[in-house]
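**Q** sequence? don't have it. structure:
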């Protein structure tokens, strides 16, 4: 069982930065993948970035490559999403998610069984 709670959202101007945090609790974190998804108003939830908790390759949606960075602090059991050069189209509720480690495609939302409640990010122009 894994519990996730996001924080760090807010209102930021175009070009600004935010760092989202996800507190992760539960057993056997070394055996999970973690990811960030987002959902804008009237749109489907979409993949943003992901990684295995034990480290290794990180993956990103094309829309955020070069601007967003996913990382984690194993000792603090915290997942991060550093977001730079924010644009209005980044406005969404951001969710962290987890699943048992898998070789499957990380961007497939249905493979994640654990979700946080989400945090709102609003980018004003």
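**A** All right, it came through fine. These numbers come from a predicted model, not from an experiment. Numbering: from 1, shown residues only.

**Q** Quick one: residues contacting the residue nearest the centre of the chain.
**A** With distances taken as CA atoms, centre = their mean, residue 36 lies nearest the centre of the chain, 1.9 Å away. By CB atoms under 8 Å, 6 or more residues apart in numbering, the contact set of residue 36 is 20, 22, 47-50, 70, 79, 81, 94-97. In short, each C-beta sits where N, CA and C put it, glycine included.

**Q** between the residues you listed, which is nearest residue 118?
**A** residue 95 (4.7 Å; CB to CB).

**Q** about what we covered before: compare the contacts of residue 36 and tell me which has the most neighbours.
**A** In terms of neighbours by other CB atoms under 10 Å, the contacts of residue 36 top out with residue 96 at 29 neighbours.

**Q** SS state for the closest residue to it other than its chain neighbours?
**A** Computed as CB to CB, 6 or more residues apart in numbering, the closest residue to residue 96 that is not its neighbour in sequence is residue 22, at 3.5 Å. Under DSSP: H, G, I helix; E, B strand; the rest coil, the three-state class of residue 22 is strand.

**Q** I figured residue 22 was touching residue 6, is that so?
**A** Yes: counting by CB atoms under 8 Å, residue 22 does reach residue 6; the two are 5.0 Å apart.
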